[in-house]
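Enquirer: below is the structure, and that's it, no one-letter string:
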């Protein structure tokens with residue numbers, strides 16, 4: 001099955017939004033950098049990282065990532081909406097301004113700009129960035145969908161064996177290693193949209209159904225905190241391996257790297273359930289974007305606001321990690337997590 005040629009857009013509103021934010025005066029609160037530039041036609045597209053808060057490596061850090069898959073642009077729009085809301089609050093919210101003295105917030109809203117402009121899942125080289133890291137599944141994966149090296153003409157292509165990671169994936173990994181790992185505690189939320197009726201929060205591993213992560217009890221307690229604080233939420237919280245296994249997962253790769261240091265790094269993936277949008281508007285299947293994006297304006301607005309509670313919770317959980325991370329009932333939490341996810 002050959003991949004259809006990409007549909008090239010004439011405009012790139014998400015990148016325009018990010019660059020408008022970068023160009024505004026935010027009273028010294030916001031700092032931005034270009035992590036890399038990726039070729040697209042006769043030009044090059046930037047991969048931006050934007051940062052709010054204290055740059056001291058000794059403060060905890062939360063990072064919001066999106067746009068790893070170009071078709072899943074709703075994740076980018078959710079991250080941009082949250083960033084814009086924080087910047088508006090900084091004009092009047094002294095509590096937020098004080099809080100930013102004790103925490104650092106990173107935003108990488110468009111990791112795969114060429115894929116987003118081309119309306120493709122993969123990047124401009126035909127590589128699926130979430131299959132591109134040098135780590136392999138320990139168990140059998142779904143053919144093709146788990147990552148393959150056959151051809152970039154097929155979806156879920158990992159890239160050639162023994163080649164360096166793609167520029168976008170390498171830029172993301174370098175940024176996390178340099179700017180996030182030094183924090184004593186850090187959380188990442190990588191925003192995607194995918195098949196399913198429920199919103200899901202996944203954590204590593206994507207490479208094994210049998211191997212729990214080292215910080216399983218901490219993830220279990222973070223889940224409990226969220227569900228107790230917001231009992232009416234509708235997220236399914238579990239390991240990615242409960243759904244499928246893949247080769248080359250970036251967050252598996254980075255989590256494994258983080259274990260070489262004493263600091264704690266917990267990457268989470270938000271999978272927004274796109275079937276609920278399709279169920280309410282089946283006609284959106286007439287366009288490729290409709291598989292992953294809420295087309296109707298009122299549904300788009302609902303999605304843009306519905307995940308703000310989760311993102312705000314993760315910010316506060318990061319800031320206050322010392323009050324919940326180390327618990328006396330660690331053994332009990334470990335058993336609870338194993339029973340919940342690995343029984």
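Expert: Sure thing, it's come through. Predicted model only: the values in this text are computed from it and were never measured.
Enquirer: which SS state does residue 238 fall under?
Expert: strand (DSSP: H, G, I helix; E, B strand; the rest coil).
Enquirer: what residues are up against it?
Expert: Counting by CB atoms under 8 Å, 6 or more residues apart in numbering, residue 238 makes contact with 200-203, 340-341. In short, each C-beta sits where N, CA and C put it, glycine included.
Enquirer: now list the buried members of those residues.
Expert: The neighbour-count criterion (16 or more other CB atoms under 10 Å) marks 200-203, 341 among the contacts of residue 238 as buried.
Enquirer: just send those back as TSV, with distance to residue 42, secondary structure and pLDDT too.
Expert: Shown next, in TSV, are the buried ones among the contacts of residue 238 (distance: CB to CB, whole Å; DSSP: H, G, I helix; E, B strand; the rest coil; pLDDT from 0 to 100):
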residue	distance to residue 42	secondary structure	pLDDT
200	40	strand	95
201	40	strand	97
202	38	strand	97
203	41	strand	98
341	49	helix	95
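Enquirer: wait, what's in contact with the closest residue to residue 196 other than its chain neighbours?
Expert: Distances taken as CB to CB, 6 or more residues apart in numbering place residue 273 nearest to residue 196, at 4.3 Å, with adjacent residues excluded. The contact partners of residue 273, by CB under 8 Å, 6+ apart, come to 193-200.
Enquirer: tell me the bridge partners for residue 273.
Expert: Taking DSSP bridges as the rule, residue 273 bridges to residue 194.
Enquirer: and the gap between it and residue 97?
Expert: Distance of residue 273 to residue 97, computed by CB to CB, to the nearest Å: 35 Å.
Enquirer: thinking again about what came up before, can I get the contacts of residue 273 in TSV including distance to residue 267?
Expert: Below are those laid out as TSV (distance: CB to CB, whole Å):
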residue	distance to residue 267
193	18
194	17
195	21
196	20
197	24
198	20
199	17
200	14
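Enquirer: where is pLDDT lowest across the residues you listed?
Expert: Note: of the contacts of residue 273, the lowest pLDDT belongs to residue 195, at 77.
Enquirer: residue 275 is in contact with that one, correct?
Expert: Yes. Between residue 195 and residue 275 a contact is recorded at 6.0 Å, counting by CB atoms under 8 Å.
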